[in-house]
Every structure is written in C-alpha cells, then in structure tokens.
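J.: Sequence first, predicted model second:
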Amino acid sequence: MNFALFSAGDAYSTAGKIMGRQSAGKAMIRGVARRWPTETLHAFGYDRAGGEALLRQLGEDGFTGALRWRQGPGDDALETLGAVYYPAPITPDLAHARNARGPTSYSLFGVTHTLSSAGAMDQVAALILPPFKPWDALICTSNAAHTVVHRLQDELRDWFARETGASRFNPIQTPVIPLGVDAPAFARTPAQIASARAALGLSSGDTAFLFAGRLSFHAKANPSALYQGLQMAAGRTGPLVCIEAGVYPNSGMATAFESARAKLAPGVRFITVDGADEARYLQAWQAADVFASLSDNIQETFGLTPLEAMAAGQPVLVSDWNGYKDTVREGVDGYRIPVTLPMAGTGQDLALRHALGQDSYDFFIGRVSMSTAIDISSLADRIEALARDPALRARLGAAGAKRAREEFDWPVILDRYVKLVRALGDIRRAAGPLPPEPWTSRPDPFALFSDYPTRTLAPSSVISVKAGTAAVESLLVLEIARYVLRDPRLTPEAVLSVHRAIEIAGEMTVSGLQSAIPTMGRADAIRALMLLTKLDLVEVRL
C-alpha cells in the first residue's frame, strides 16, 4: 500500500448516519483489511484520535498488521510512500500544508461523491488553481462524474482567463475509477434466501422487487416511476411484491410514501422494512428476486446499491443514470431504463434561486428531480419480463455477481489506487525538487503583525537568566502558562532545556542559543525563550 489514509471524522463509519459516502468509506476500510491484512499501513491527519479510531475499525475487519499515524503536514515516511488519500475532493488546507513542507514531497488524491451541492461544485472547480499541483488527483467515480468535473473546471478556467488574463492553470489528474463493493459480504446461499423469504412472508410463487436505500422522494429517488411500472406490469402478470427497505427522514416522508403506494400501485403488495433494523434489513436483501433503483436525482453520483445487488447475485433494474451507466450492462447484468432531462437553458433560475438562498438545497434537487422523467412503459416491460422468467433472472444475476467479484470488489479497486499513486509519483519526480511554498493567506503571525510591537528579537540579541530552575518549574505549572505546553513540540522539558543552556553559558546571543541546542528546531527554541522572557525568568538585551 503506497499511500496513507486520511483519518477524518465519519468518512469511514455509518454509526452517525447511513449515507452513500459513509457506506463507501466503511466498505473501503474493510477492503483495505482484506487486501493488506498483516502489513504496516499509514494514517495521516491532524488529530491522533482519528488514527486510533481507524485502527480499531481495521481490527474489527480482521486487520492484524500495524498502523503508523502521521500528523500533518507529514514527514519523510509520506515522501517514501508517495501519497495521501482523502475520502472526498482534496481541500486547499491539505495542499497548502504539503506545499509548506515541499510541493513535491508527496501527492494528494481524493474522490468524488455528490457533485450537486454548492460546496462540492466550488471545491472541484477550484482544483485547477493553486495550491493544487499536477501530481494531485481527483478520482471521478463514473464517466458522468468526470464530465461534470471538467465542465465546472472549464467554466472556471474560462472565467479567470476572461476576467484576469490568467493563462496558467493546474492540470490536476482526473482518472475514472469506480467505488468498490465488499463482494463477499453480499453473497447469498440458497438456505439464506429460503429463510429470509419465509421471514418476510414470501411464497415460492412471489416475485419480489427490492428497493433499498434512503426513502426520500426529493433526495434519492422519487418512487412514482417504480410504483407505476409495477402496477402496469402486475396488470399483465398478476400480483407482484415490492420490498422497500430503508429509513425515512421523518414521519411526513413516510406518510407521503404510503399515500403514493395506495394511489399509484393498489395492485402491488408492499413489504416495508426498517433499515435501522440490521437483521431485518439483511433479510430484505437476501429475500429479493430483483433489485430496482430508479434514481432520478442529481445528488446521486455513483450508486452503490446496484453493485451490492450484483454481488448478491440479483438482476438489477436501474435508471439509465450517471454511475449506473458504468456498472450495469444492458441485458447482461440487468436493464437500464431510459431517462429524459429538460434541455440546457431551462434550469438557470433553479440554480440562481438556490445560490441566493431562496430555495433550500433539498428543494433545489427536488425540483430538478421533478423535471426528470423515467420511461415507465419501458420499465413495465422489463418488470414483466423479469417476473415471468426465473431463468432470465438467474442468468442476469450470475453475470452481475461475476462482474462484482472480478471488477468491483474493493481489493481490485484498491490495486487501481496503487497504480494511480505510482503514476502520480512519475509526474511529481519529473517536476524535480521544488522549494517550500508559503501559504499566502496564512502567514507567520510574527511577520504579518511585526508593526504591532515596539521592537522584535534579533539573532544578535543577548540573553541571560534572571531566576533559577526551581523558579522556572514553579511558574510552568500555572495554567496561564501551562496551556501552551500541551503542544508536543513545546513541552515543559523543552523550556527547561533552553533555560539550562542559557544558565550554563551565563550569557549568549539568540543565534548562539540555536547552536547550543541543535536537536531543537529554531522556531521551538525561540518560542521557549520568549515564554521564559514573558514570565521574567530570562533577560533579553536587544
């Protein structure tokens, strides 16, 4: 593994919320544990607690190796590894911190998730600007996502060129690599299928279509197309069953779904499963004959659940939408139902209303969804074909399971990450060694505010002690001073070592102090000296 994992918040856990980003991150860590079960891996971050949580999670997934945590901006180990993986589009602070160490010290690479929010659009567009470098990357999880990223970047590039005359931009790398799936976790046995169907009250003659995921008509998939398609097909085949497994964000959403079922699909038997009930949710997955996900929402960038269904050996029935176009092969793993979007030029008012705060994000994506139409006639035909033909379901399901194992299992995807990091390393090395770059809007406060004081310390300033070690120790325990000594770089021991060096010399210059303690960094030695001066323990003659 030639990259470190950024240990960030809830990026790898579904404990706080069950969203696509967290589910993908959780499965990825399980994939890391499967791919490198006994190796020494590296974590990177600003808070050591994040690294400790990541190690616990890896251990729960069977990892028995070692995890070495690196605090930003990094060290020589990152230069040897080559890159840091960030579980979202990489951020300017990460790049600035890396550049302050050395722009070519390592690469940064992140991954797209939703691309419809204002923050996400701003973030991916700005990757063409400093502080990012050509040896950094944004993994696009689908070809459609790749197109969106480049449209946003091209528009920003054109705007800067037109308004400022700018001609040089950062050609960040944008490879297309899909998200992965923990394929073995979704494999089903005949016994599991039979048990789950019995638990859900399904008979041998029932054909059960499953939708699993967020039950939100404005932010995930409006259920109207699925309900109408099922109702139309049921009129030809006889009663069908639809399992809806997930979590409603609120009671109003649950009522909306119930009303839509009664109105649009009165001839379909519905089984609702609470997605928060893990055992029941698993039964829903194991019992279904066909998986259906008719996403019509721009918030959907990749779509994990069809891959999970393929890994479970289920034929998949999806909208011909974004990442689904890359994962589901028409007539091989399942079917993609045509989707119609309005022509360009008819939605600018929606974007502007959201940008100005007149419409919430939920209302913005919901209004776009209501202008996105799925071909219900084609959907009903496919539902009917799958309901009538068990052999067809078996053939499509087997093809999907094979594809999930061979092309989308997380260890396979992680190997593609490894190859990407090697390629980024080639670009980085070709650039040659570059000097550290300052973070222009985050300068040294002692430089930015140098006009505030009467005077500043100089290398020729003469220093001598005014009190002994006991006095130093007695003052360093006071909270008014001790709060800054919790920094691992400025410890009480470091302050005492500076005091000791001055006391032994009797008198020395500031530059002499730095020579007397070669193991301490220049900045740390100066700050320790100034702390002693602040507490009137050392005298400085400028």
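T.: Looks like it came in fine. Numbering: from 1, shown residues only.
J.: When you work out contacts or count neighbours from here on, use the C-alpha atoms and nothing else.
T.: OK.
J.: Tell me how many other residues crowd T533.
T.: Using other CA atoms under 10 Å, T533 has 17 neighbouring residues.
J.: Confirm that it lies within a helix, as I assumed.
T.: Yes: according to DSSP: H, G, I helix; E, B strand; the rest coil, T533 belongs to a helix.
J.: Surely it touches E539?
T.: Yes: because the distance of 6.2 Å satisfies CA atoms under 8 Å, T533 is recorded as touching E539.
J.: what stretches of this structure score poorly on pLDDT?
T.: 9, 15-19 (pLDDT under 70).
J.: Restricting the selection to alpha carbons, write stretch 237-250 to CSV.
T.: Presented in CSV, the C-alpha positions along stretch 237-250 are these (Å, rounded to 0.1, in the frame of the first residue of the first chain):
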residue,chain,number,x,y,z
THR,A,237,-48.6,-10.9,-14.7
GLY,A,238,-50.8,-10.9,-11.7
PRO,A,239,-49.8,-9.6,-8.2
LEU,A,240,-46.2,-8.5,-7.6
VAL,A,241,-44.4,-7.8,-4.4
CYS,A,242,-42.2,-4.7,-3.7
ILE,A,243,-39.9,-4.7,-0.7
GLU,A,244,-38.9,-1.2,0.4
ALA,A,245,-36.1,-1.2,2.9
GLY,A,246,-34.6,1.9,4.3
VAL,A,247,-35.1,4.8,6.7
TYR,A,248,-37.5,7.7,6.4
PRO,A,249,-36.0,11.0,7.4
ASN,A,250,-39.3,12.0,9.2
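J.: Quick check: buried residues in it?
T.: P239, L240, V241, C242, I243, E244, A245, G246, V247, Y248 (16 or more other CA atoms under 10 Å).
J.: Please tabulate those in a markdown table, including the columns distance to E507 and secondary structure.
T.: As requested, those are arranged in a markdown table below (distance: CA to CA, whole Å; DSSP: H, G, I helix; E, B strand; the rest coil):
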| residue | distance to E507 | secondary structure |
| --- | --- | --- |
| P239 | 95 | coil |
| L240 | 91 | strand |
| V241 | 88 | strand |
| C242 | 85 | strand |
| I243 | 82 | strand |
| E244 | 79 | strand |
| A245 | 76 | strand |
| G246 | 73 | strand |
| V247 | 71 | coil |
| Y248 | 72 | coil |
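J.: Now find how far off-centre stretch 215-233 is within its chain.
T.: Here the centre of stretch 215-233 is set off from its chain's centre by 28 Å, with CA atoms, centre = their mean, to the nearest Å.
J.: same for the host helix or strand of A262, what does it pack against?
T.: Counting by DSSP states H and E, the element that carries A262 is helix 251-264. Here helix 251-264 touches helix 224-237, going by 3 or more CA pairs under 8 Å, 6 or more residues apart in numbering; DSSP states H and E.
J.: One more pass at 10 Å, please.
T.: helix 224-237, strand 268-274 (3 or more CA pairs under 10 Å, 6 or more residues apart in numbering; DSSP states H and E).
J.: among those, which is nearest T64?
T.: strand 268-274 (34.2 Å; CA to CA).
J.: after the closest one, next one along is what?
T.: Counting by DSSP H and E, the next helix or strand C-terminal to strand 268-274 is helix 278-287.
J.: That next one - contacts with which helices or strands?
T.: Going by 3+ CA pairs under 10 Å, 6+ apart, helix 278-287 lies up against helix 183-186, helix 190-199, strand 208-212, strand 240-246, strand 268-274, helix 305-311.
J.: Identify the residues contacting it?
T.: Residues outside helix 278-287 that contact it (CA atoms under 10 Å, 6 or more residues apart in numbering): 186-202, 207-212, 243-246, 271-275, 291, 308-309, 312-314.
J.: which of these count as buried?
T.: 186-188, 193-194, 196-197, 200, 202, 207-212, 243-246, 271-273, 275, 291, 308-309, 312-314.
J.: quick one: the residue nearest to M28 when sequence neighbours are not counted from D182, how far?
T.: Leaving aside its chain neighbours, M28 sits nearest to W410 (6.2 Å; criterion: CA to CA, 6 or more residues apart in numbering). Separation of W410 from D182 (CA to CA, to the nearest Å) stands at 6 Å.
J.: anything in contact with each of the two?
T.: In contact with both W410 and D182: A24, A27, M28, I29, R30, G31, R34, A404, using CA under 10 Å, 6+ apart.
J.: so can I have TSV of the helices and strands packed on helix 278-287 showing distance to A118?
T.: TSV is the format used below for those (distance: least, CA to CA, whole Å):
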stretch	distance to A118
helix 183-186	33
helix 190-199	42
strand 208-212	27
strand 240-246	27
strand 268-274	31
helix 305-311	25
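J.: circling back to that earlier point, compare W410 and D182 (neighbour count), which wins?
T.: W410 (27 against 24).
J.: Test my guess that that one contacts R34.
T.: Yes: counting by CA atoms under 10 Å, W410 touches R34, with 8.6 Å between them.
J.: anything in contact with each of the two?
T.: Taking CA under 10 Å, 6+ apart as the criterion, W410 and R34 both touch M28, D182.
J.: which residues of the stretch 1-150 of the chain fall in strands?
T.: 4-6, 40-45, 66-71, 83-85, 107-111, 137-139 (DSSP state E, counting those that start in this stretch).
J.: which other residues reach the first one?
T.: Outside strand 4-6, the residues within contact range by CA under 10 Å, 6+ apart are 29, 41-46, 50-51, 54, 67-72, 77-78, 81-87, 108, 110.
J.: mind redoing it with 6 Å?
T.: H42, A43, F44, G45, V84, Y85, Y86 (CA atoms under 6 Å, 6 or more residues apart in numbering).
J.: for the fifth one, same thing?
T.: Outside strand 107-111, the residues that touch it by CA under 6 Å, 6+ apart are 83-90, 135-139.
J.: With stretch 365-375 instead?
T.: Contacts of stretch 365-375 (CA under 6 Å, 6+ apart): H218, D296, N297, P338, V339, T340, L341.
J.: Recalculate using a threshold of 7 Å.
T.: H218, A219, A225, D296, N297, I298, I337, P338, V339, T340, L341, P342 (CA atoms under 7 Å, 6 or more residues apart in numbering).
J.: Same question for stretch 29-39.
T.: So stretch 29-39 is contacted by Y12, L58, D61, G62, F63, T64, G65, A66, D182, W410, P411 (CA under 7 Å, 6+ apart).
J.: so the first one sits right up against G50, yeah?
T.: Right, Y12. No: counting by CA atoms under 7 Å, G50 is not a contact partner of Y12; they are 10.6 Å apart.
J.: Comparing these two, which shows the higher neighbour count?
T.: More crowded of Y12 and G50, by other CA under 10 Å: Y12, with 22 against 19.
J.: Report the contact partners of that one.
T.: Counted by CA under 7 Å, 6+ apart, Y12 has contacts Q22, G25, K26, I29.
J.: The second one and A431, how far apart?
T.: With distances taken as CA to CA, G25 is found 32 Å from A431.
J.: likewise M530?
T.: With CA to CA as the criterion, M530 and A431 are 40 Å apart.
J.: Pick out whichever of the two has more residues nearby.
T.: M530 (18 against 13).
J.: May I have the secondary structure class of the more buried one?
T.: Per three-state DSSP, M530 ends up helix.
J.: Same check on the one 10 residues further on?
T.: Classification of V540 by three-state DSSP places it in strand.
J.: Distance to H146 and mean neighbour count added to the strands of the stretch 1-150 of the chain, as JSON lines?
T.: Shown next, in JSON lines, are those (distance: least, CA to CA, whole Å; neighbours: other CA atoms under 10 Å):
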{"stretch": "strand 4-6", "distance to H146": "23", "mean neighbour count": "23"}
{"stretch": "strand 40-45", "distance to H146": "27", "mean neighbour count": "21"}
{"stretch": "strand 66-71", "distance to H146": "31", "mean neighbour count": "18"}
{"stretch": "strand 83-85", "distance to H146": "18", "mean neighbour count": "25"}
{"stretch": "strand 107-111", "distance to H146": "11", "mean neighbour count": "24"}
{"stretch": "strand 137-139", "distance to H146": "8", "mean neighbour count": "24"}
